[in-house]
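**Q** below are the sequence and a predicted model; questions follow.
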Amino acid sequence: MSLFDYHEAFSRTLGWVTEAELERLRGSRIAIAGMGGVGGFHLLTLARLGIGSFNLADFDSFALVNFNRQAGAAMSTLGRRKLDVMSEMARDINPELDLRLFPDGVTEGVLDEFLAGADLFVDGLDFFALDIRQAVFAACARKGIPAITVAPLGMGAALLNFMPGRMTFDEYFGFGRNAHLEKALRFFVGLAPARLQMGYLVDPARIDLGRQQGPSTPMGCMLCAGVAGTEALKILLGRGRVYAAPWGVHYDAFKNRLARTWRPGGNDRNPLLRSALSLARRRLLGK
C-alpha cells in the first residue's frame, strides 16, 4: 500500500497558496530542458511546489566536474544519465508525477513534442547550448508559452521572463544568424546588465567563451531554483508582478544587492547594452 498522499505531502505550502491554487499547480505541466547545473534544482524545487507534470530533456551523464553545483551529481551517480537520476529523485518526492522524458535532449526535431501541453518552459540548458536555446524560446513565443531563464552568475541569480505578446528572446539578445562566439557574448552581456558578479571575480581568465568554459558556484544554482520556482508560481497562478523582458532582475548574495534593469531595444538597439557588448568584446575576445 502506498504511503504517499499528495495533499498531506504538500500541505505545508498552504497559507502561501490556497487549496484551489495548489490544485492548479498539481494540474500544471512544465517543460525543462537540461538537468544539470540549474535544471536539476529547478525540477526538484518545482516538484516540491506540487507541480504535477513535467516534460524533461537531457542527453548527458554525470561526471566529476559536475560535483561543485549539480543537484544529482554524487559518487553514486557517476556515469549515470542525468535524466534518469533526476527523474528518480523527482518521483521520490512525488510518485504520482506525470513525466515525459526526452533522453536524446531537446532538438529542433522534437520541439513540438517537447513543448506539447506545457504551461511554462523553464530554461536549464547549458550556457553554451545557444542555437537550441534560441530555437526553444522562438517556439515558445510562437505557441504562446511563457518562458523563464535564470542564470547562475557568481553567487547570484539573474532573471529574464519572456511572456507571450511581449519582447521575444531574439529581439532582446539579437542572436539572429550570428556566429556561436558572438551569440555567447550577447547571452553573457544580456543576461545580467547590472554585472553585479564581476566585481568579485578573482580570476577573469577562468571565463573563456572560446573554449566554452566559465566558473560556477552551488549557491548561484540554488538561488536560481528559488527564483525560477517563485516566477513559476506567479505565472501559473496569475498573481504578483511578473517583470517581462526587457526588464531583468539580478540578485547577488555576495554583495547583498538587488538590481532591476530595463533595456528596451535589447543588445542591438539599447545604447547601454551596445556599449557593454563593445567592452566585453575587448576584454573577453581581445577585439
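**A** Ah, there it is.
**Q** quick one, helices of the stretch 1-150 of the chain?
**A** Applying DSSP state H, counting those that start in this stretch to the stretch 1-150 of the chain gives helices spanning 6-9, 19-26, 39-49, 82-93, 111-115, 130-143.
**Q** possible to save the ones you listed as TSV with mean pLDDT and mean neighbour count?
**A** In this view, the C-beta of every residue, glycine as well, is placed from N, C-alpha and C. Shown next, in TSV, are those (pLDDT from 0 to 100; neighbours: other Cβ atoms under 10 Å):
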stretch	mean pLDDT	mean neighbour count
helix 6-9	98	13
helix 19-26	98	16
helix 39-49	98	25
helix 82-93	98	19
helix 111-115	98	17
helix 130-143	98	19
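**Q** strands along the stretch 151-287 of the chain, start to end?
**A** Using DSSP state E, counting those that start in this stretch, the strands found in the stretch 151-287 of the chain span residues 156-162, 247-252, 257-262.
**Q** so of those strands, which one's packed in deepest?
**A** strand 156-162 (a mean of 25; mean count of other Cβ atoms under 10 Å).
**Q** low-scoring stretches of the chain, by residue?
**A** 1, 286-287 (pLDDT under 70).
**Q** tell me which residue is most central in it.
**A** The residue lying closest to the centre of the chain (Cα atoms, centre = their mean) is residue 123, at 3.4 Å.
**Q** CA atoms only: put the longest helix along the chain into PDB for me.
**A** For the chain, the helix that runs over the most residues, judged by DSSP state H, is helix 218-237. Provided in PDB are the C-alpha atoms of helix 218-237 (Å, rounded to 0.1, in the frame of the first residue of the first chain):
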ATOM      1  CA  PRO A 218      26.400  25.900  -5.900                       C
ATOM      2  CA  MET A 219      25.000  29.000  -4.300                       C
ATOM      3  CA  GLY A 220      24.200  30.500  -7.700                       C
ATOM      4  CA  CYS A 221      22.500  27.400  -8.900                       C
ATOM      5  CA  MET A 222      20.300  27.000  -5.800                       C
ATOM      6  CA  LEU A 223      19.400  30.700  -5.800                       C
ATOM      7  CA  CYS A 224      18.300  30.300  -9.400                       C
ATOM      8  CA  ALA A 225      15.900  27.500  -8.500                       C
ATOM      9  CA  GLY A 226      14.300  29.600  -5.800                       C
ATOM     10  CA  VAL A 227      13.800  32.500  -8.200                       C
ATOM     11  CA  ALA A 228      12.500  30.200 -11.000                       C
ATOM     12  CA  GLY A 229      10.100  28.500  -8.600                       C
ATOM     13  CA  THR A 230       8.700  31.800  -7.500                       C
ATOM     14  CA  GLU A 231       8.300  33.100 -11.000                       C
ATOM     15  CA  ALA A 232       6.600  29.800 -12.000                       C
ATOM     16  CA  LEU A 233       4.100  30.200  -9.100                       C
ATOM     17  CA  LYS A 234       3.300  33.800 -10.100                       C
ATOM     18  CA  ILE A 235       2.900  32.900 -13.800                       C
ATOM     19  CA  LEU A 236       0.800  29.800 -13.300                       C
ATOM     20  CA  LEU A 237      -1.400  31.300 -10.600                       C
END
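**Q** report all helices and strands that that helix contacts.
**A** helix 19-26, helix 39-49, strand 120-123, strand 147-153, strand 156-162, strand 247-252 (3 or more Cβ pairs under 8 Å, 6 or more residues apart in numbering; DSSP states H and E).
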